[in-house]
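Asker: The following block contains a protein sequence and its predicted model.
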Amino acid sequence: MTRSMTGYGVANKEIGAQSVTLEIRSLNGRFREVVARLPSNLLALEEPLKKIVGTQINRGRVELRLQIDTPKGALLGLAFDPIKADNAMELLNKLIYQTGVDEPISLTHLLTLGVLNEDPGRALIGPEDLKPFVESLAEEALCQLVSFRNREGEELEKDLKIRLNLMGQAMDRIKGLANEANDILFQRQKERLLELTQKALEPERVAQEAAILAERQDITEEITRFCGHLTAFRQTLAEKGPIGRRLEFLLQELGREANTMGSKSQWGPLTEEVLFLKGELEKAREQALNIE
């Protein structure tokens with residue numbers, strides 16, 4: 001399956017009083033590069049997270065971002081108990097009434113009477129305890145990222161197959177035009193030699209020299225090599241796993257042959273087809289740069 005190098009995934013989990021969010025995105029890159037942006041107290045998780053990414057990603061720049069949010073007013077393992085607060089207020093009011101102490105009830109009085117309860121569910125979890133949660137979030141976000149890259153890869157593969165078909169059709173036309181071009185070029189060279197020598201050479205010698213000159217403009221070998229690289233490209237595109245680098249290499253070879261054909265071509269119709277071929281090659285190259 002062809003896979004793109006661009007993608008995105010995100011996972012979130014409420015852990016105690018904290019909301020932990022892990023985002024992962026990937027971009028084009030020649031090699032695999034993983035950058036983890038973590039809170040300073042969780043830097044020890046960088047290597048484990050990179051290993052998780054390495055199980056699924058072979059190529060591209062991957063950026064991980066871990067964010068931990070704690071709601072304002074969250075207390076360390078404590079929760080406000082409204083029933084205790086009501087009972088405390090009632091008790092304090094009775095004391096004021098019975099003792100005649102004229103003093104307003106403050107928050108300090110309420111806290112002294114224990115209006116807060118222990119609540120482990122609201123406690124802030126330390127870095128070591130967070131590790132399994134963060135790793136689980138990384139795997140979830142990575143799964144989303146891979147699915148994204150697979151969908152993008154399918155679209156890239158469809159487009160590349162269109163380009164391959166168009167290039168194959170262009171090569172069929174070029175093959176036919178190349179034979180015709182050889183005959184035309186041979187006749188042109190023959191006439192030019194006769195003009196330059198003022199018909200002083202023997203016809204056989206003129207034909208021989210013309211054939212040598214025309215051969216320099218023959219593109220038969222380039223056509224053969226181009227078609228071979230095109231077949232290899234199709235086969236590689238059908239393979240599983242990372243194929244981007246091989247596709248880029250084959251496109252370089254295809255481009256080299258197309259450039260040679262263009263430089264040798266001295267006949268308008270053939271030149272037009274070669275230019276069309278080079279245009280499709282450039283489109284294919286742009287798409288292949290996105291493939292893992």
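Answerer: Sure, I can see it.
Asker: Now do Arg37: how many residues are near it, please.
Answerer: When counting by other Cβ atoms under 10 Å, one arrives at 11 neighbours for Arg37. From N, CA and C alone the C-beta is placed, and that goes for glycine too.
Asker: brain fart, Lys283
Answerer: Quick note: Lys283 (other Cβ under 10 Å) scores 15 neighbours.
Asker: so after the helix or strand encompassing Leu250, what's the next helix or strand?
Answerer: In the assignment (DSSP states H and E), Leu250 maps to helix 244-264. Note on helix 244-264: by DSSP H and E, the next helix or strand toward the C-terminus is helix 268-288.
Asker: Let me know the average pLDDT across the helix holding Leu250.
Answerer: Rounded to a whole number, the mean pLDDT of helix 244-264 is 94.
Asker: So what touches it?
Answerer: With contact meaning Cβ atoms under 8 Å, 6 or more residues apart in numbering, helix 244-264 is reached by 5, 59, 167, 174, 216-219, 222-223, 225-226, 229-230, 232-233, 236-237, 271, 274-275, 277-278, 281, 284-285, 288-292.
Asker: Mind giving me the PyMOL select for those residues, buried ones only?
Answerer: With 16 or more other Cβ atoms under 10 Å as the criterion, this PyMOL line picks the buried residues out of these:
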select buried, resi 5+59+167+174+217+218+219+222+223+226+229+230+232+233+237+271+274+277+278+281+284+285+288+290+291+292
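Asker: Test my guess that Pro39 contacts Arg65.
Answerer: No: contact status for Pro39 versus Arg65: not in contact, 10.4 Å apart, counting by Cβ atoms under 8 Å.
Asker: Now Asp69. Its backbone dihedrals?
Answerer: When read as degrees, to the nearest 10, the backbone of Asp69 gives phi -110, psi 130.
Asker: Grab the nearest non-local neighbour of it.
Answerer: Counting by Cβ to Cβ, 6 or more residues apart in numbering, the nearest residue to Asp69 once its immediate chain neighbours are dropped is Ser19, at 4.5 Å.
Asker: related to what we said a few turns ago, which one of Pro39 and Arg65 has more residues nearby?
Answerer: In this view Pro39 and Arg65 are compared by other Cβ under 10 Å, and Arg65 has more residues nearby, 15 against 12.
Asker: Double-check that that one belongs to a strand.
Answerer: Yes: assigned with DSSP: H, G, I helix; E, B strand; the rest coil, Arg65 falls within a strand.
Asker: And it, what's its pLDDT?
Answerer: The predicted structure scores Arg65 at 97 on the pLDDT scale.
Asker: just checking, it touches Glu23?
Answerer: Yes: with contact defined as Cβ under 8 Å, Arg65 reaches Glu23; the gap is 4.6 Å.
Asker: Let's see the host helix or strand of Ile83 as CSV, backbone CA atoms only.
Answerer: Using DSSP H and E, Ile83 sits in helix 82-99. The C-alpha atoms that make up helix 82-99 are tabulated as CSV, following Å, rounded to 0.1, in the frame of the first residue of the first chain:
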residue,chain,number,x,y,z
PRO,A,82,-21.0,21.2,50.6
ILE,A,83,-22.8,19.1,53.3
LYS,A,84,-19.9,19.5,55.8
ALA,A,85,-19.8,23.2,54.9
ASP,A,86,-23.5,23.6,55.8
ASN,A,87,-23.1,21.7,59.0
ALA,A,88,-20.1,23.8,59.9
MET,A,89,-21.9,27.1,59.3
GLU,A,90,-24.8,25.9,61.4
LEU,A,91,-22.5,25.0,64.3
LEU,A,92,-20.5,28.3,64.1
ASN,A,93,-23.8,30.3,64.1
LYS,A,94,-24.9,28.4,67.2
LEU,A,95,-21.6,29.1,68.9
ILE,A,96,-21.8,32.8,68.1
TYR,A,97,-25.4,33.0,69.5
GLN,A,98,-24.6,31.0,72.7
THR,A,99,-21.3,32.7,73.5
